[in-house]
Every structure is written in C-alpha cells, then in structure tokens.
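K.L.:
Sharing a model that was predicted from the sequence below.
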Amino acid sequence: MTTSVRDLQERSFGATLRRDAWWIAPALTALVLGSFGIYATWAAWVNRSFEWGPYLSPFYSPLINAGWWPLSPAFLILIFPLGFRATCYYYRKAYYRAFFLDPVACAVGEPRHGYKGETKFPFIIQNIHRYFMYAAVVFIFILAYDVWVATRWPVNGVLPDGSMGTGPTTFGVGIGTIVMAINVVLLSCYTFGCHSLRHLVGGQVDCFSCARGGKARFQTWRGVSALNRHHMLFAWCSLFGVALTDVYIRLCAMGVIHDVRIF
Ligand code: FES
C-alpha cells in the first residue's frame, strides 16, 4: 500500500505507520536544549563565580564594564552566540521538531497543516543568521585570546580569593587551560562549518578556477565543507563544551574543586 502526500498531510497529530522509536530524538533534543537554556540563563543571571586565576568563563567573555546596564553583563554578551545557535540551520530543524513538534518527525502527523515556511514573521527573522555568524567568528578570536591569558600565572600563585594579584606572571598550563582550549577547538569546528559561511566563501561562483583568488577560495570552501559535513556533531559537542567550561571555572571559583597546574 502506498502513502500519498495528501495522506500524510491529513494525518492527525502523532499518527504514523512508523514502528521505530521516532520520538526519542525530539525528546532528547528538548531535554538537552531545555537544560542548557535553563543553565545558561541562570549562569548569566547570577553574575558571580565566572573567573578564577587566569580563567574566564565563556559566558562572560569578553569582560565588559557596563555600569549603565541594570542586569548581568553576560546578557549583553550571550545575545551573539545564542543568536548564532538559535538561527543555525541545524538547530532550527532540531528545535522545530522538539519544541514546536512541527514536524515532530518524518512521516508522523503534524499539529498544523498550513505550512508557511520561514517566509513570514516571526520566522523570517531566522535569515539574520549570516550576521550572527560574523559575530560568532569574532568570538572565536576573543575566546582564543582567553586561552592565551589562561597560560599566564602569577609567579607567587593565585591568591586565596581566586584573584591574580598585581605581581609578575609566568607561563603555565592548568587543567582549566586545556578545558578552555578544547572549548575553542570545538566552537571553531562548529562556527567554521556554518552553512552561511560555506555559501559566503564558495556559494556565489560557478567556476572556482575562473574566479579571482579562485584557488584560495576553493581550498577554503573545501575546508568549510569538511567541517560542514559534521555540523550536527560539532553543534552538540560545542554546546557541551561551552557549558562544561563554565561549570569547571565556576566550581574552581566556588572552591568546590581545585584546579591542577600541569606545568
Ligand atoms: S548553519 Fe549552523 S552555525 Fe550556521
């Protein structure tokens, strides 16, 4: 028996002939994205325990002094990386399924039957993704600089309150330095595999060898494409990376765990 498009469109919400556990992926997505959203909002709201020694949480980087702003400065920072993720092509698919259930999965009945795509308000705003991508690239350099700063240690050690003091510094690497470096690598793999970036570097040319700087553009496009093939994987790994980096530095600042200086 064949199933026509009309059959699928007229199917009531949740009705399906699928026998696999199709609901696991959207349920897990809702759980993980929801948990991250709650944790990130809380971590940004509390406005404390975001630095220890030379370490700085990615939620509060770059450090800004916004005396005019009544809330935590983290909200001024997070609008860029969160906007980048919220408008990401992959995450759109994931949270449309998980939170809007529209569609909840392939070949499963939808709650609405009047699909309008992203051509109308509010979803047309998703097209702003390219501009968030520019900001996200800048953040990669900011976070890479933080890793460099995380290799500068006070000669006499971190003060008991977790601050650096004003004395001379020396090169060193702690567990936190490595955690921050892994976070930047994962974020780079996610950001530099962005679909918008791929289009920007190679999407407007029909013939690389005919275009100006074609060889360099081709190599760049190949690199972005290689990362793009694993965009979903890097989307999740980098999400965990950011959260775990904040958790690690927060626990050090609260005195719950003690950082280990490797050399
Ligand atoms: S499409 Fe996912 S970050 Fe741009």
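P.N.:
Right, received. Where do you want to start?
K.L.:
Return, as residue ranges, the portions of the stretch 51-200 of the chain with sub-threshold pLDDT.
P.N.:
Scanning the stretch 51-200 of the chain for pLDDT under 70 picks out 115.
K.L.:
quick one: the helices in it?
P.N.:
Applying DSSP state H, counting those that start in this stretch to the stretch 51-200 of the chain gives helices spanning 74-86, 89-95, 129-149, 175-191, 195-202.
K.L.:
which ones are touching the residue in the stretch 1-150 of the chain that the ligand sits nearest to?
P.N.:
Nearest to the ligand, among the residues of the stretch 1-150 of the chain, is Cys88, at 3.1 Å (Cβ to the nearest ligand atom). Placement of C-beta: from N, CA and C, glycine included. Applying Cβ atoms under 8 Å, 6 or more residues apart in numbering to Cys88 gives the contacts His129, Cys194, Ala235.
K.L.:
If we ignore the residues flanking it in sequence, what's nearest Asp246?
P.N.:
Nearest residue to Asp246, sequence neighbours excluded (Cβ to Cβ, 6 or more residues apart in numbering): Ser57, at 4.5 Å.
K.L.:
what about the one you found, distance to Asn47?
P.N.:
Computed as Cβ to Cβ, to the nearest Å, the Ser57 to Asn47 distance reads 11 Å.
K.L.:
I'd like to check which residues are in contact with the nearest residue to Arg11 once chain neighbours are set aside.
P.N.:
Distances taken as Cβ to Cβ, 6+ apart place Gly109 nearest to Arg11, at 3.6 Å, with adjacent residues excluded. Counting by Cβ under 8 Å, 6+ apart, Gly109 makes contact with Leu8, Arg11, Ser12, Phe13, Gly14, Ala15, Thr16.
K.L.:
Stretch 45-58: how far from the chain's middle?
P.N.:
Relative to its parent chain, stretch 45-58 has a centroid offset of 18 Å by Cα atoms, centre = their mean, to the nearest Å.
K.L.:
Just say helix, strand or coil for Thr245.
P.N.:
The three-state label given to Thr245 by DSSP: H, G, I helix; E, B strand; the rest coil is helix.
K.L.:
Need the residues that contact stretch 168-178.
P.N.:
When contacts are defined by Cβ under 8 Å, 6+ apart, stretch 168-178 is touched by residues 52-55, 147, 150-155, 248-249, 252, 259-263.
K.L.:
er, stretch 50-70 I mean
P.N.:
Here stretch 50-70 makes contact (Cβ under 8 Å, 6+ apart) with 40, 43-44, 73-78, 139, 142-143, 146, 149-154, 158, 162-164, 169, 174, 176-177, 180, 183, 242, 245-246, 249-250, 252-253, 259.
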